[in-house]
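# Sequence below, structure please.
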Amino acid sequence: ELAELLELGESREELSVAPGFPGSCLAGNRLSLDVYPDGCCRLLRLFAGRPGEVVRVEFLRLSTNDPFLGTTLSILPHLRNIRSLVLKGGHARDDFGSCLCGSLTTLPPDLGNLSCLTHLDLSFNSFSTLPSCILHLPSLRVLLLSHNRLVALPEDFGSLGKLTFFSAMKNQLRALPRSIGELAMLQDLDLSENSLEFLPEEVGNLHNCMELDLSGNCLSSIPDSLEGFSSLSNCVILCPGLSLTHLPSLSRLDLQNNCLRAVPPEIQTLSCVHLRGNPLGEAEPSSQPDESSARGLRRLFLASGENSFTVTSEGCKVVLACGIHFYFPPGSASDPLQIHFQILAPDPRWVKLRHHDVLLSRVLELQPHGVRFHQEVQIWMPYAFPQALHQREVVVRTFSGQSWSDLTTRVEQQRKSKKHLAHCSVLHFSWFLVVSRLVQNECQVPSEGTLLFSSVDPNIKVTFPPGVTEETRSVRLQVLPVSAEEIQELTADAGCRASSLLCLSQDSLMDFLRPVRIQLPLPPGVTGLNLDRSRLHLLHGDLEGQTWDDITSQVVLEFTHLYAVFEVTHFSWYWLWYSTKSYIGGIARKVYERLRLYQVNFIALQRRKDPEQVLLQCIPKHKVDPVLKKLQDRYRGPEPSDMVEMFEGEQFFAAFERGISIDMERPDCVDGRLSFIFYSHLKNMKEIYVTSPVDRKGQAVKGQVSFYRGKAPENIPEDASRRRKGADSLWLATLPIKLPRLKPHLSDSPGPLNGFSFPPLSLGSAESGYLTQGNLLSIARRLGPDWQSIGLNLGLSYQQIERIGYNNREDLDKQILDMLFSWAQQNSGDPGCVGKLIRALRDSGRQDIAEEVETILELGRQKYRDSIHRLGL
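Model (predicted):
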């Protein structure tokens, strides 16, 4: 905030501390009293005892939470040399730990006579209108009004012609005056988290504006003056050679979390324009019962950090940052209802996939569980699009608390974004996920009988004769096609053939009263003319596919030119095989398991800026090349491993060896190995920080990472894993990792914290977990060149970042420490600051450090819970 001011130079003359005021901070031309609970009293006494020195002060900070603030304001017009005035609230907190805004609602009219004042910070106060005296400050260049209650700016706001920085974030502004276009020198404009519904065209006159933040508003369109920017002038660095109009200096335009459904294509493709959290390209939710009433519904667009919203009897439409949509029709809830949601990683211990299911999304949990709505709530869940859908179908699966069931699902695709959505309707909330399953045909079987066909292969049919059941039953049919090439490859037998797999199931535990007639096509290449009955085997498998029994001799097989027909009373898997082998059950079991496997590669890449940051990933064969291509600009590393075969939902581990280790206290570490779960359509990725546990004396270390299977599924095929003796019996692959020569480290620097000395601090709370000064120092050692991006995501301004870099321009370590600990000092009383740090790390691409911070917090929370338990509380 003071970057522009500091360029003007400042007096270095030191004055002795006033007698009787050992704690006051009168030093040179600075007077910082906002850190004292009686700061205003100190100023009053100091002005009474040493007025000559006080009127020379150029930098003054006061807390507006001070009860004596009103009396102190009368002194301010006498400070004719004042250049920077900070009157901020937020220093006191309520019983819940939230910042209390200051009591300041107005300013003395004579304050407009301070001709030297260039920096004014009135954040965290209670202003509902802008004091008129501010518009008369002739030299004002920096004005901060964030976290107030402003609903409008005065029409003559443009009279502040020298203003270069203006922030009014977190207010209640609904419109801007047209005179804002007269701020010809404005470089940074922050109007985020307001209620702006439109912008005046005059915004396009801010020719010197470099950063424009309009995120978190209600904008449904942008003025033509910004569209001109989009097509002609965006980011001179990014678009050289283009003619510049409207906003030629703009390098960052933030429009995140607004209501924009359409913006010019030129804007969407620009890297300096941020549009996340807008419903771009999305039509109104389809299949709504009353379109006329739906158009007037309240719309909510939630940002990435939000986890709840409120539904009233009027209904609403909700869009989450992750792309999930909800439609609550009017009357679905009789009273206001708070809905909480979270996105969870799937855990095979409770996400039970069926054989041949493919997971396409993470788990969505909606609370409160069990509350029944008066009308069906519609949900749209985005999912990863599987390659082959002609033999599979996408469904939303929900968990009742005891078992998973599939919902009636319709698949949709957004017209512009091309995202795929699974659409379902529910009357109550629980857990939801999207899966791809074998196509399921279903029918009700009455006592009169019926006929059921497969939509995958209409030649497969099941005939239910009259009298087959006394009560109506629900029957399901699924088919898994298997090509002749797959059978030959898996069995290594050119003469082996098999039909498609047929799975029949029902909702009753009782067998049918009369035999059910099943028609299956003969295996490929086999007809009734060349059929050798001694080579044909009808196999019956249990519902888990673990055992396959040859029942050829137990049923009556009839043959036509193309089909085999037989009768059964019990439902399960059925499979026709044609082979010279006498014992076919073991072969069928082996082939069945192999059909559930995915060919995958393991990759280990090291970040180019910081080789100690390692990315590990397990990806299916068809994704290897695009993933490596996407990562090659930021990462370098060995080629991926040879092909390995894994099951959907299988656990595997990564272990570092030969002088390389990781933090073993991570919650995802088991016996010193990093735990993964493989899902073919999820990322299966972890980013971690590796170190050398021994003193390598500055030399490079050549180590490796090895991958191992976890708890192997029952009856795993022998050739699905590379068998070795001893501890490596479940070894999968090994890839090299190289740590370069050590550079001078933070811990090697002299002095406390590399020359910085800060009072002890802890971020967070006992319930949520603490980050200590030692934790922060450990984090600082690993930030490297990413510190600037992390600082910006923590809320520091570009001017602050530049000033930190300039003050410590010869020492990267000092830059990092200055940024991190300065931020920590300012936010040490905020209970949500640790969450903000984690989000900033993630947004800056440092997932490895974010995960470590979460691990530290979890360990702290666990210790707190243990202590509570020990005390019997």
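# Might you report the residue contacts of Leu85?
By Cβ atoms under 8 Å, 6 or more residues apart in numbering, the contact set of Leu85 is Leu60, Leu76, Leu114, Leu117, His119, Leu120, Asp121. (C-beta placed from N, C-alpha, C; glycine too.)
# Just to be sure, it is in a helix?
No: the assignment for Leu85, made by DSSP: H, G, I helix; E, B strand; the rest coil, is strand rather than a helix.
# all helices of the stretch 701-850 of the chain, in order?
With helices called from DSSP state H, counting those that start in this stretch, the stretch 701-850 of the chain shows them at 773-783, 787-793, 798-807, 812-827, 833-843, 847-870.
# Ignore what I typed, I meant the stretch 201-350 of the chain.
Using DSSP H, counting those that start in this stretch, the helices of the stretch 201-350 of the chain run over 224-232, 265-268, 291-294.
# swap in the stretch 351-500 of the chain?
Taking DSSP H, counting those that start in this stretch as the test, the helices found in the stretch 351-500 of the chain are 484-491.
# So, low pLDDT: which residues of it?
Flagging of the stretch 351-500 of the chain using pLDDT under 70 yields the residue ranges 386-390, 416-417.
# Just confirm Cys41 is within a helix.
Yes: assignment of Cys41 by three-state DSSP places it within a helix.
# Look up phi and psi at the residue nearest to it when sequence neighbours are not counted.
Counting by Cβ to Cβ, 6 or more residues apart in numbering, Phe68 is the residue found nearest to Cys41 once chain neighbours are left out, at 5.5 Å. Phi and psi for Phe68, reported as degrees, to the nearest 10, are phi -100, psi 20.
# Show me the strands in the stretch 451-600 of the chain, by range?
Using DSSP state E, counting those that start in this stretch, the strands found in the stretch 451-600 of the chain span residues 461-464, 473-480, 497-498, 501-506, 516-521, 536-541, 548-550, 558-559, 563-568, 573-578, 597-607.
# Next: the stretch 201-350 of the chain.
All strands of the stretch 201-350 of the chain, identified by DSSP E, counting those that start in this stretch, fall at 211-213, 252-254, 273-274, 298-301, 308-311, 316-319, 325-328, 337-344.
# For the second one, name the packing helices and strands.
Read that as strand 252-254. Under the contact criterion of 3 or more Cβ pairs under 8 Å, 6 or more residues apart in numbering; DSSP states H and E, strand 252-254 touches strand 211-213, strand 273-274.
# ditto for the shortest one
Packing partners of strand 273-274 (3+ Cβ pairs under 8 Å, 6+ apart): strand 252-254.
# Kindly report the same for the longest one.
Secondary structure elements in contact with strand 337-344, counted by 3+ Cβ pairs under 8 Å, 6+ apart, are strand 308-311, strand 363-367.
# hang on, the earlier thing: and the helices of the stretch 201-350 of the chain, which one averages the lowest pLDDT?
Of all the helices of the stretch 201-350 of the chain, the minimum mean pLDDT falls on helix 291-294 (a mean of 42).
# Val311 is nearest to which of the strands of the stretch 451-600 of the chain?
Of all the strands of the stretch 451-600 of the chain, it is strand 473-480 that lies closest to Val311, at 33.4 Å by Cβ to Cβ.
# how about that closest one: buried residues?
Arg473, Val475, Leu477, Gln478, Val479, Leu480 (16 or more other Cβ atoms under 10 Å).
# Pull up the pairing partners for it, direction included.
Sheet pairing here is set by DSSP bridges, and for strand 473-480 it gives strand 440-445 (antiparallel), strand 501-506 (antiparallel).
# right, so of those, which gets closest to Leu427?
strand 440-445 (20.9 Å).
# Quick one: distance of the closest one to the chain centre.
Centre-to-centre, strand 440-445 and its host chain are 39 Å apart (Cα atoms, centre = their mean, to the nearest Å).
# and if you look at stretch 375-387?
Centroid separation for stretch 375-387 versus its chain: 18 Å, with Cα atoms, centre = their mean.
# Could I get the buried residue list for that stretch?
For stretch 375-387, a neighbour-count test (16+ other Cβ under 10 Å) marks Val377, Gln378, Ile379, Trp380, Met381, Pro382, Tyr383, Ala384 as buried.
# Leu280 against Arg261, yeah?
Yes: shown here, Leu280 and Arg261 form a contact pair, counting by Cβ atoms under 8 Å, at 6.4 Å.
# domain ranges for this structure?
The record's domain parsing of the chain by the TED database lists 26-230+247-274, 298-438, 440-582, 596-714+728-739, 762-871.
# JSON lines for those, including distance to Ala588?
Converted to JSON lines, these look like this (distance: least, Cβ to Cβ, whole Å):
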{"stretch": "domain 26-230+247-274", "distance to Ala588": "52"}
{"stretch": "domain 298-438", "distance to Ala588": "14"}
{"stretch": "domain 440-582", "distance to Ala588": "4"}
{"stretch": "domain 596-714+728-739", "distance to Ala588": "13"}
{"stretch": "domain 762-871", "distance to Ala588": "43"}
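# And the nearest residue to Asp493 once chain neighbours are set aside, how far from Gly495?
Leaving aside its chain neighbours, Asp493 sits nearest to Ser579 (6.9 Å; criterion: Cβ to Cβ, 6+ apart). Distance of Ser579 to Gly495, given as Cβ to Cβ, to the nearest Å: 7 Å.
# Need the residues touching each of those two.
Contact with both Ser579 and Gly495 is made by no residue, according to Cβ under 8 Å, 6+ apart.
# Just to check, Leu520 is in contact with Trp573?
No: with contact defined as Cβ under 8 Å, Leu520 does not reach Trp573; the gap is 11.9 Å.
# Need the residues touching each of those two.
Shared contacts of Leu520 and Trp573, defined by Cβ under 8 Å, 6+ apart, are found at Leu502.
# who's Leu539 bridged to?
Note on Leu539: beta-bridge partners Asp550, Trp575, judged by DSSP bridges.
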